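Chemist: Next come a sequence and a model predicted from it.
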Amino acid sequence: MNGKVFLVGAGPGDPDLLTLRAHRLLSEADVVVYDRLISEAIMSLVPAGITRIPVGKSSGHHSVRQDDTNRMLVSLARTGRRVVRLKGGDPFVFGRGGEEALYLKRHGVAFEVVPGVTAAVACAAYAGIPLTHRGVSRGFQVVTGHLREDGELELDWRALSNPDSTLVIYMGLASLELVVDRLVDAGLPADTPAALIQDGTTIEQRTFVATLESLPDLAQFHRVVPPALVLIGRTVALAGELGWFLPREERANEAMALWAGN
């Protein structure tokens, strides 16, 4: 008897951003198959006794190949289990959820997709950067900076260099110099506001705001590491006014200031 696979978006890291349905499915699952970037805070919500299977991937290294993950999901479901395939962000936004859903469909396994808050929206919000803003940005574009084997990126640089939109780049640290060069060559001003957001929405979040041309040096100087999001566009300049989220160090400093004041 076949079970069912739930492709669940875990959001960008803050467990409070889980949907109610995602939270309920975690408590009802027989097995949770989860990605490397799922935060410990979210995994702590999985009840004791539920089988957990990591299938993590990082740039250039896959501890479990995608084909093996696909076959595992089918095998687990065919034992009659309720399988939660927990994916960072949203399953259908650079999460390979479409590939897994197609594989399940073609092998006769029932599935359901549970949307999650994607990093582009959440991390920008936690950094105080609107993706759209009247008179500043009419829209936003989301791409991945993951390099091909030949070290290139297949992107429409002219479209991405639109100054009237905000550009969000997932997995862009390794290709940052190339991205900056291509965007400037395509006509985007080198002094366009830009930001790097590491560990967005978590208490470890770090946000660095500068200009497009300074992004590679900024990343190197501050030793920015994945997961990190790149935001480029005029709305980034609003971060100084709209930033509201206090990560761990700033929260501690705020608490100390309040204590001293009392």
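Modeler: Received the coordinates, thanks. Numbering: from 1, shown residues only.
Chemist: Show me the helices in this structure, by range?
Modeler: Applying DSSP state H to the chain gives helices spanning 20-28, 40-43, 66-77, 97-106, 119-126, 157-160, 176-185, 215-221, 239-242, 248-261.
Chemist: got the angle between the fourth one and helix 66-77?
Modeler: Computed by axes from the mean of the first three to the mean of the last three Cα atoms, to 10 degrees, the angle separating helix 97-106 from helix 66-77 equals 50 degrees.
Chemist: list the helices and strands helix 97-106 packs on?
Modeler: Here helix 97-106 touches strand 4-9, helix 66-77, strand 110-114, going by 3 or more Cβ pairs under 8 Å, 6 or more residues apart in numbering; DSSP states H and E. Glycine gets a C-beta too; all of them are placed from N, C-alpha and C.
Chemist: measure residue 187 to residue 15 for me?
Modeler: To residue 15, residue 187 is 41 Å away according to Cβ to Cβ, to the nearest Å.
Chemist: And those two? Which one has more around it.
Modeler: A count of neighbours by other Cβ atoms under 10 Å puts residue 15 above the other of residue 187 and residue 15, at 18 against 11.
Chemist: Pretty sure the more buried one sits against residue 45.
Modeler: Yes: between residue 15 and residue 45 a contact is recorded at 6.4 Å, counting by Cβ atoms under 8 Å.
Chemist: before we move on, back to that, dump the helices and strands packed on helix 97-106 into a markdown table; add distance to residue 53 as well.
Modeler: Compiled in a markdown table, the helices and strands packed on helix 97-106 are given as follows (distance: least, Cβ to Cβ, whole Å):
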| stretch | distance to residue 53 |
| --- | --- |
| strand 4-9 | 13 |
| helix 66-77 | 7 |
| strand 110-114 | 17 |
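Chemist: Among those, show me which one is buried the most.
Modeler: Highest mean neighbour count of the helices and strands packed on helix 97-106: strand 4-9, a mean of 24 (counted as mean count of other Cβ atoms under 10 Å).
Chemist: so what strands line up beside that strand?
Modeler: In the sheet, strand 4-9 lines up against strand 82-87 (parallel), strand 110-114 (parallel) (DSSP bridges).
Chemist: what's the closest of those to residue 206?
Modeler: strand 82-87 (23.6 Å; Cβ to Cβ).
Chemist: Report the angle between that closest one and helix 20-28.
Modeler: On the basis of the same axes, to 10 degrees, strand 82-87 is oriented at 130 degrees to helix 20-28.
Chemist: where's the closest residue to residue 131 other than its chain neighbours relative to residue 14, distance?
Modeler: Leaving aside its sequence neighbours, residue 131 sits nearest to residue 140 (Cβ to Cβ, 6 or more residues apart in numbering; 4.1 Å). Per Cβ to Cβ, residue 140 is found 21 Å from residue 14.
Chemist: care to break this structure down by domain?
Modeler: 4-117, 120-242 (automatic domain parsing).
Chemist: which secondary element of the chain has the worst mean pLDDT?
Modeler: strand 61-62 (a mean of 49; mean pLDDT, DSSP states H and E).
Chemist: if we can go back for a sec, need the winner for burial among the helices of the chain.
Modeler: The highest average neighbour count among the helices of the chain, using mean count of other Cβ under 10 Å, belongs to helix 119-126 at a mean of 24.
Chemist: List of residues touching that one?
Modeler: Under the contact criterion Cβ atoms under 8 Å, 6 or more residues apart in numbering, helix 119-126 has outside partners 11-12, 14, 17, 88-89, 93, 130-131, 140, 142, 166, 168, 170, 197, 200-201, 205, 227, 229, 231, 245.
Chemist: Could I have the CA atoms of it written out in PDB?
Modeler: Provided in PDB are the C-alpha atoms of helix 119-126 (Å, rounded to 0.1, in the frame of the first residue of the first chain):
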ATOM      1  CA  ALA A 119      14.500  33.400   1.000                       C
ATOM      2  CA  ALA A 120      14.200  36.300  -1.500                       C
ATOM      3  CA  VAL A 121      11.100  37.600   0.200                       C
ATOM      4  CA  ALA A 122      12.000  36.700   3.800                       C
ATOM      5  CA  CYS A 123      15.600  37.800   3.900                       C
ATOM      6  CA  ALA A 124      14.900  41.000   2.200                       C
ATOM      7  CA  ALA A 125      12.100  41.800   4.700                       C
ATOM      8  CA  TYR A 126      14.300  40.900   7.700                       C
END
